[in-house]
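Trainee: sequence below, structure please.
(chains A and B)
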Amino acid sequence: MDKMPAWADAVLVPLISILIAAVLSALVIAALGMNPFEAFQLMVEGALMKSSGWGYTLYYATNFIFTGLAVAVAFHARMFNIGGEGQAQIGGLGVALACLFIPWPHWSLALIAATLAAALFGAAWAYIPAILQAKRGSHIVITTIMFNFIAAALINYVLVNLLRPAGAMEPATATFPAATSLPTFQQMFSTSETVLFRGSPANITFFIAVAACIGVWLLIWRTRLGYELRAFGFSETGAKYAGISPVKITVVSMLISGALAGLMAINATMGEAERLVLNASEGAGFIGIAVALMGRSHPVGVFLAALLFGFLYQGGAELAFWANIPRELVTVIQALVILFTGALDNLVRWPLERAFLAFRPKGAQ
Amino acid sequence: MTFMQKTLGTVAALALSAGAALADPALVYDLGGKFDKSFNEAAYNGAERWAKETGGSYKDIEMQSEAQREQALRRFAEAGYNPVITTGFSFAEPIKNVAADYPDTKFVNVDGFLPEIPENVLLINFQEHQGSYLVGMLAAMESKSGTVGFVGGMDIPLIRHFACGYAQGAKAVNPDINVIANMTGTTPAAWNDPVKGAELAKAQIGQGADVIYAAAGGTGLGVLQTAADEGIYSIGVDSNQNHLHPGSVLTSMLKRVDNAVYEAMTAGADLETGKFMTLGLAEEGVGYAVDENNSELITDEMTATVEDAKAKIISGDIDVVSYYANDSCPALDF
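Mentor: Below you'll find the model as predicted:
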C-alpha cells in the first residue's frame, strides 16, 4: 500500500482544505474589524437555518451541480472544458426559444421540451471546440474560453436586436408564458398552515440535477462508453491501441459536457428568472470547475461540493445584507475556498499522505 | 404656547422620529457597485446628502448575482424598510414580481420600464439623450479635427440612447462632423474595464478624435485618463467627473440620480407612487456640468449656444430623437 485510504482522499483532504480556507477567511474578517464568529453565524443562519435560506442554497447548488458535472465528465476524458459559461448561456437561449414560441398547455411538457432544447443548444456550442480539438488539435482550453465570449456576444445581439420586447430598456426577452412556470419548492412543499421556502427560487429542477448525478455515475462507471471515456483519459495511446477512436471520444465527451452545462439554464432561466436575461449563467460555469475539482469528478463529490458553494453564495448574500461588509469580502471568502480545495490540493494531500504512510500498520506493505 | 402644547409637540416630534427610524429607506445598487464614480455612486451621494441633512440612517447593499435582486427586495420589505430604492433597469422585473406581496412598501427604480406600473412602485427615468445632445454640441465646438468620439460600456439600448443624443448634438453644430462610436464589450465586465476603455480611446485618437465622451461606468475612467495623458478632451458621465482631470475633462453629462434618490428618501413613506416619472432638461434631471475645473474650457460663446439649445429643447423647438422611439438613430449607425 503506497497511498492513503480512499476515504481519507475523498473526505479528509477536502475537509481540511475547507478548514484552512475558513481559518484564513476568519483572519481576513477579523482584520477588517469584525467578529468572524458572528459572521459565520450569520452565514449559517441565513443559508441553513430556515427553509427560505435552503431555497436559495439549493437553487445555487442546482446550478453548480450541472456545471460541475459538465466539467467532471470532460475531466474523465482528460478534457478541460472551461466553456461551461458559454454553453449554459446558449442553453438559456434554447430554453427561451422553446418557452416563448411554442404555446405549451402544461409546464411538464414545457419542461421536457426546454430540457431537450437546453441540452441540445449547450451540446451544439461545445461541438465546435470539440471537433476543432479532435480534427485539428486546437487546444480545448483556448477554444472553449474563447467560445464563452462569442456566446456572450451572440446572446447580447439576440437580446438587444431580436428578442427584446418593444419599448423595454433591459436587454432581456419577454417573460415566459405562465403555463411554462415551473413548480417552486414553495408550491411543492408548503401546506396550508406553514409556508416553506417562501419566495426562494429553488424549483423542481433540483431533482433533475440529482437525476443527472445518477445518470453521470451510470454513464461513467456502468457503460461501455464510460469505460472508453476513462480509458481515453488515462492514456490516449493505450485507448487508441485498444481500438477506441480519439475523435469520437473527444467529441462525445464534449457533447455530454456541453449538454450538462446547458441544462443549468432550466434552473436559472426557466425556473428562476422566467425570461432570458444577459449574463444568465453568472459565473456558474467557472464555479463548476472548482466544484468538479473538489468533488474529485465523482457525482457524489460534485453534489456535495455544489451544496458547499450554494451555501457560500447564499451565506455570503446574507452577510452582505445584514453585516454591512463589502461584497468584495464575500468574493474573497469564496476565492479562498476555491484556492484551497481546487488549486492548492496537494498542499494538504502530500503531508496527509506522508502522515498516513508513517503510521500504517507494520507488515501492511 | 402653553406647556401642554409644548409637551404635545415634543411627543408628536418624538413619535414622528421614532416612526421614521422604523421606516428607514433602503438603497440597492446594481451590479456595477457602489463606488463606480458614476451611476451608482450618484445614488450613493444622494443618499449620503439626505442622511447628513436629516440625520437619518439608511441601509444599502450591492448586488452580486441576478437571483439576489428579488431576494434583496423581499428581505428589505420584510424588515420594514420604506421606500426601497433601486438603481438600474434590471430591477424593474423583480420589483414587478414582489410589489404585490408587500403593498405597504414603496419601491422606486431608476432607469426601469414596466408596461403596467403597480400601485406602490415609482419608476424614474432620465432624458439622457437631451443631456447628451448638449455635451455633443460642446464637443463639436471644442473639436478642431472635426472628429469626436464616443465610448460606451455594454452594447445595450440605454447606451445607444446616450450615443444617439450625443451624435445629434454634435451634428447640430457641425453637420460634417465625424462621430466615432465604440462599445467596450458584450459582457457586464464592459462596465468596469478601464484598460479596454483606454485602448478604445487611443484607437479613436488614432482616427483623429480630439474630444471623447465616455458613457461606460468604471470603464470611462480609463477613457478620461487616456484623454488627459494624450492631451485631448474628454466628457464624463452621470456624476460630475470634471475634477478627475481638471483641464482635460471638458464637461460631464449630469444625470441627477442623486437628486432622485434624495427626493425619494425625503418623501419617505409618503412618496407618490404608481407612476412613471421622467426627468429631463426642464426638471434639471439631466444637464452639463460647469465648475471651477472646466470653466476656462467653456467659453461664453459656447455657453450661449448651448443654453439657447437647452431653452429650445425645453420649449419643444428642438426635438432630440430618442433611440427608443424606433430603436434606431438618425445621426449614427450602430
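Trainee: from now on I want contacts and neighbour counts done on CA atoms only, so please keep to that.
Mentor: OK.
Trainee: residue contacts, residue 324?
Mentor: The chain I'm using is chain A. A:N324 makes contact with B:I61, according to Cα atoms under 8 Å, 6 or more residues apart in numbering or on different chains.
Trainee: my question was about chain B
Mentor: Contacts of B:Y324 were listed using Cα under 8 Å, 6+ apart, and they are A:167, A:169, B:157, B:161.
Trainee: so the second one: helix, strand or coil?
Mentor: A:M169 carries the three-state label coil when classified by DSSP: H, G, I helix; E, B strand; the rest coil.
Trainee: contact partners for it?
Mentor: Taking Cα under 8 Å, 6+ apart as the test, what A:M169 contacts is B:89, B:112-113, B:157-158, B:324.
Trainee: mind checking which of the residues you listed are buried?
Mentor: Taking 16 or more other Cα atoms under 10 Å in any protein chain shown as the criterion, what is buried in these is B:89, B:112-113, B:157-158, B:324.
Trainee: what is the nearest of those to B:V286?
Mentor: B:L158 (14.8 Å; Cα to Cα).
Trainee: helix, strand, or coil at the closest residue in space to A:Q89 that isn't next to it in sequence?
Mentor: Once flanking residues are discounted, A:Q89 sits nearest to A:S281: 5.8 Å by Cα to Cα, 6 or more residues apart in numbering or on different chains. With three-state DSSP as the basis, A:S281 sits in coil.
Trainee: helices of the stretch 51-200 of chain B, start to end?
Mentor: Listed in chain order, the helices of the stretch 51-200 of chain B (DSSP state H, counting those that start in this stretch) span B:67-78, B:92-99, B:128-142, B:157-173, B:194-206.
Trainee: figure out which of these is closest to A:E328.
Mentor: When the helices of the stretch 51-200 of chain B are compared (using Cα to Cα), the closest one is helix B:67-78, at 15.4 Å.
Trainee: check which helices and strands that closest one is in contact with.
Mentor: For helix B:67-78, the elements it packs on are strand B:84-87, helix B:92-99, judged by 3 or more Cα pairs under 8 Å, 6 or more residues apart in numbering or on different chains; DSSP states H and E.
Trainee: 7 Å - rerun?
Mentor: The contact analysis (3 or more Cα pairs under 7 Å, 6 or more residues apart in numbering or on different chains; DSSP states H and E) places helix B:67-78 against helix B:92-99.
Trainee: what residues sit buried inside the helix it packs on?
Mentor: For helix B:92-99, the buried set under the neighbour-count rule, 16+ other Cα under 10 Å, comprises B:92-96, B:98-99.
Trainee: now do stretch B:186-193
Mentor: B:186-188, B:190-193.
Trainee: which one of these is nearest to chain A?
Mentor: B:T186 (5.2 Å; Cα to the nearest Cα).
Trainee: contact residues of chain B facing chain A?
Mentor: Residues of chain B that fall close to chain A, judged by Cα under 7 Å from any Cα of the partner chain: B:61-62, B:65, B:89-90, B:113, B:156-158, B:186-187, B:324.
Trainee: what about residue 197, neighbour count?
Mentor: By default, I'm working from chain A. 23 (other Cα atoms under 10 Å in any protein chain shown).
Trainee: switch to chain B, please.
Mentor: B:G197 sits with 31 neighbouring residues when counted by other Cα under 10 Å.
Trainee: could you do A:V141 as well?
Mentor: Applying other Cα under 10 Å, I find that A:V141 has 16 neighbouring residues.
Trainee: CA atoms of the helix or strand where B:E263 lies as PDB?
Mentor: Assigned by DSSP states H and E, B:E263 belongs to helix B:257-267. Included here for helix B:257-267 are C-alpha records, laid out as PDB according to Å, rounded to 0.1, in the frame of the first residue of the first chain:
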ATOM      1  CA  VAL B 257     -29.700  60.200  -9.900                       C
ATOM      2  CA  ASP B 258     -28.500  61.800  -6.600                       C
ATOM      3  CA  ASN B 259     -31.400  64.200  -6.700                       C
ATOM      4  CA  ALA B 260     -33.900  61.500  -7.500                       C
ATOM      5  CA  VAL B 261     -32.700  59.400  -4.600                       C
ATOM      6  CA  TYR B 262     -32.500  62.400  -2.300                       C
ATOM      7  CA  GLU B 263     -36.100  63.300  -3.100                       C
ATOM      8  CA  ALA B 264     -37.400  59.800  -2.800                       C
ATOM      9  CA  MET B 265     -35.800  59.500   0.700                       C
ATOM     10  CA  THR B 266     -37.000  62.900   1.800                       C
ATOM     11  CA  ALA B 267     -40.600  61.900   0.800                       C
END
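Trainee: so where's the stretch 1-150 of chain A shaky on pLDDT?
Mentor: For the stretch 1-150 of chain A, the stretches with pLDDT under 70 are A:1-2.
Trainee: which part of it gets nearest to chain B, residue-wise?
Mentor: For the stretch 1-150 of chain A, Cα to the nearest Cα, closest residue to chain B: A:F149, 8.0 Å.
Trainee: if I look at the residue nearest the centre of chain B, how far off is B:A181?
Mentor: Of all residues in chain B, the one closest to the mean position by Cα atoms, centre = their mean is B:K255, 3.7 Å from it. Using Cα to Cα, to the nearest Å, B:K255 is found at 20 Å from B:A181.
Trainee: what of A:R198?
Mentor: A:R198 is 46 Å from B:A181, by Cα to Cα.
Trainee: can I get the buried residues of stretch B:186-193 in TSV with pLDDT?
Mentor: Putting the buried residues of stretch B:186-193 into TSV (pLDDT from 0 to 100) gives the following:
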residue	pLDDT
B:T186	80
B:T187	77
B:P188	75
B:A190	87
B:W191	85
B:N192	83
B:D193	89
